[in-house]
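Student: give me a 3D structure for the following:
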Amino acid sequence: MAETKIRVLIAKPGLDGHDRGAKVVARALRDAGMEVIYIGLRQTPEMIVEAALQEDVDVVGLSILSGAHMAIVPRVIHLLEEYGLSNVAVFLGGIIPDEDVLVLRELGVRGIYGPGTFLDDIVQEIRREVTAH
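Tutor: Numbers count the residues shown, from 1 in each chain. Here you go, the predicted structure:
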């Protein structure tokens, strides 16, 4: 029996136009055997959650470099719960100040990655989190 691929949605919410990191992570996840749906730049929380619902994903990965993570991430998590997708793991990449990490984890973000994070670490953490849930 074939193993089910982990389905990952990658999005760039807000007005931040820098997507190189998101694309690098998306490629690493794809190369690791995951199915990756990249929905691109300037996504609203509503657009992200609607795509997660339509694509039946296991993971939502958000890349935020603009500093808007404390507004966007809680909204995405709230909408996931509202749509009955509380089982979808949320991961966050970008420039995240240390004082925000604990708050984001308490909200339910399962992994937070800054610049320089090894891609293999992201792959392994996503696999571990999806398998555990």
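Student: where does the chain have low pLDDT?
Tutor: 1-3 (pLDDT under 70).
Student: got a list of what the residue nearest the centre of the chain touches?
Tutor: In the chain, the C-alpha nearest the mean C-alpha coordinate belongs to G61, at 1.2 Å (C-alpha atoms, centre = their mean). G61 sits next to 8-11, 22, 25-26, 29, 90-93 when contact means C-beta atoms under 8 Å, 6 or more residues apart in numbering. Backbone N, C-alpha and C define where each C-beta goes, glycine included.
Student: V90 too?
Tutor: 59-62, 73, 76-77, 80, 108-110.
Student: what about 6 Å?
Tutor: 60, 109 (C-beta atoms under 6 Å, 6 or more residues apart in numbering).
Student: and for L80?
Tutor: Taking C-beta under 6 Å, 6+ apart, one finds 49, 88 in contact with L80.
Student: so the residue nearest to the centre of the chain, which state does it fall into?
Tutor: At G61 the chain is in strand, as set by DSSP: H, G, I helix; E, B strand; the rest coil.
Student: what about it, distance to E46?
Tutor: G61 sits at a distance of 17 Å from E46 (criterion: C-beta to C-beta, to the nearest Å).
Student: then A52?
Tutor: 11 Å.
Student: the two: which is more packed in?
Tutor: A52 (25 against 12; other C-beta atoms under 10 Å).
Student: just the contacts of G61: which are in helices?
Tutor: Within the contacts of G61, residues falling in helices by DSSP state H are 22, 25-26, 29.
Student: CA atoms of the host helix or strand of E81 as PDB?
Tutor: Element membership for E81, per DSSP states H and E: helix 69-82. C-alpha atoms of helix 69-82 as PDB (Å, rounded to 0.1, in the frame of the first residue of the first chain):
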ATOM      1  CA  HIS A  69       2.600  37.900  12.100                       C
ATOM      2  CA  MET A  70       0.800  38.900  15.300                       C
ATOM      3  CA  ALA A  71      -2.200  40.000  13.300                       C
ATOM      4  CA  ILE A  72      -2.200  37.500  10.500                       C
ATOM      5  CA  VAL A  73      -1.400  34.200  12.300                       C
ATOM      6  CA  PRO A  74      -4.100  34.400  15.000                       C
ATOM      7  CA  ARG A  75      -6.700  35.200  12.200                       C
ATOM      8  CA  VAL A  76      -5.600  32.200  10.200                       C
ATOM      9  CA  ILE A  77      -5.800  29.900  13.200                       C
ATOM     10  CA  HIS A  78      -9.200  31.200  14.100                       C
ATOM     11  CA  LEU A  79     -10.500  30.700  10.600                       C
ATOM     12  CA  LEU A  80      -9.100  27.200  10.400                       C
ATOM     13  CA  GLU A  81     -11.000  26.400  13.600                       C
ATOM     14  CA  GLU A  82     -14.100  28.000  12.300                       C
END
